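Asks: Following is a predicted model, sequence given first.
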Amino acid sequence: MLSEIKIFNWRGERSPTGFTLIELLVVIFIIALLMSILMPTLQRARKQAKAVVCKSNLRQWGIIFSMYTMDNDGYFPSGSSGKMWTEVLEPYYQEPDLRCCPMATKLASPEGAPDPWGGKFLAWGVFDQTYAQLGLEGVYGSYGMNGYVSNPAPEVKDPWGRDTKNNWRSADVKGGANIPLFLDCVWLGGLPEDCDQPPEYDGECQFGLVEPGMKAFCIDRHKGEINGAFVDFSVRDVGLKQLWRLKWHKKFDTDAGPTRDEWPDWMKGFKDFD
């Protein structure tokens with residue numbers, strides 16, 4: 001038979017076996033202190049895990065684009081058939097959520113809107129019936145395509161008035177690892193130019209009928225970076241200042257772009273790629 005366990009204080013007197021209110025408060029304080037120390041670490045770990053999942057999503061998109069090009073003589077979608085990439089590539093993927101970076105899954109317009117722009121932590125969509133003829137009704141996502149990666153027919157007039165001779169039409173090109181294909185974005189895609197200015201504040205973008213440019217991709221979604229798939233179907237993170245060093249189209253001047261003194265305050269602390 002086990003003997004009774006007795007607890008004595010420093011005077012040799014028997015003490016109650018329970019905790020006093022002060023002792024409980026001390027324990028609660030210690031737990032709160034540990035939580036305040038651990039929470040930032042846990043949040044960083046959570047964001048890093050989401051960045052890993054984002055890259056995994058983009059690797060799947062690299063496979064999807066690769067399969068499309070194999071089925072179409074090595075060429076990318078035309079971009080002028082009246083269908084967006086979301087519909088053209090639909091036979092190659094089944095899960096709509098694959099269009100979303102895990103850092104940006106909340107929908108900009110859950111009930112539907114004609115121009116449901118997203119944000120750095122906000123998915124674009126859902127599109128209403130306004131653009132149903134383009135296959136966009138009910139569509140959402142938080143990735144976008146480089147609009148210069150497309151293969152329109154020569155006789156097709158580009159709706160934005162650009163020269164499609166500068167397009168990347170095939171994956172079989174030199175330097176594909178530096179040609180953006182599919183990246184974190186606040187819209188379905190964009191047409192960046194080397195003269196595009198960076199956002200004046202984090203999250204600024206063009207809103208309206210004009211096709212978005214670099215600002216659609218220049219979002220601080222992954223600690224000064226975004227993730228992207230490239231024309232050679234590789235995947236990597238891209239520093240925001242590095243966006244101006246990528247070869248978006250054939251005549252894009254990778255030596256242009258903002259100088260060190262021209263970056264807005266919110267971007268000055270990010271890594272330089274001069």
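Replies: Yep, that arrived.
Asks: contacts, neighbours, all on C-alpha from now
Replies: Fine.
Asks: Who's the closest spatial neighbour of the residue nearest the centre of the chain, skipping the chain neighbours?
Replies: Against the mean C-alpha coordinate of the chain, by C-alpha atoms, centre = their mean, the closest residue is Asp184 at 2.7 Å. Of all residues not flanking Asp184 in the chain, Tyr143 sits nearest, at 4.5 Å (C-alpha to C-alpha, 6 or more residues apart in numbering).
Asks: Distance of that neighbour relative to Pro152?
Replies: According to C-alpha to C-alpha, to the nearest Å, Tyr143 and Pro152 sit 22 Å apart.
Asks: Could you check which of those two has the larger neighbour count?
Replies: Remark: of Tyr143 and Pro152, Tyr143 carries more neighbours, 26 against 19, as counted by other C-alpha atoms under 10 Å.
Asks: Spit out the contact partners of the more buried one.
Replies: By C-alpha atoms under 8 Å, 6 or more residues apart in numbering, the contact set of Tyr143 is Arg99, Cys100, Cys101, Phe182, Leu183, Asp184, Cys185, Val186, Trp187, Leu188, Gly189.
Asks: same question, Leu181
Replies: Residues touching Leu181, when contacts are defined by C-alpha under 8 Å, 6+ apart, comprise Met145, Asn146, Val149, Gly228, Ala229, Phe230, Val231.
Asks: again, 6 Å this time
Replies: Met145, Asn146, Ala229, Phe230, Val231 (C-alpha atoms under 6 Å, 6 or more residues apart in numbering).
Asks: from those residues, which is closest to Ile64?
Replies: Ala229 (11.1 Å; C-alpha to C-alpha).
Asks: What segments of the stretch 51-200 of the chain are helices?
Replies: Using DSSP state H, counting those that start in this stretch, the helices assigned to the stretch 51-200 of the chain run over residues 85-88.
Asks: Which stretches in it count as strands?
Replies: If DSSP state E, counting those that start in this stretch is used as the criterion, the strands of the stretch 51-200 of the chain fall at 143-146, 180-184, 189-190.
Asks: Identify, out of these, the most deeply packed stretch.
Replies: Across these, averaging neighbours per residue (mean count of other C-alpha atoms under 10 Å) puts strand 180-184 on top, at a mean of 29.
Asks: that older thread, look up how far Phe65 lies from the residue nearest to the centre of the chain.
Replies: Distance of Asp184 to Phe65, given as C-alpha to C-alpha: 16 Å.
Asks: Just want the phi and psi numbers for Gly269.
Replies: Here is the backbone geometry of Gly269 (degrees, to the nearest 10): phi -80, psi -10.
Asks: Now do it, the pLDDT please.
Replies: Model confidence at Gly269, expressed as pLDDT, equals 94.
Asks: give me the number of residues near it?
Replies: Gly269 has 10 neighbours, counted by other C-alpha under 10 Å.
Asks: Repeat that for Ser234.
Replies: What Ser234 shows, counting by other C-alpha under 10 Å, is a neighbour count of 17.
Asks: List the residues that contact the residue nearest to the centre of the chain.
Replies: Contacts of Asp184 (C-alpha under 6 Å, 6+ apart): Tyr143, Ile226, Asn227.
Asks: Let me know the distance separating it from Leu24.
Replies: Between Asp184 and Leu24 the distance, using C-alpha to C-alpha, works out to 48 Å.
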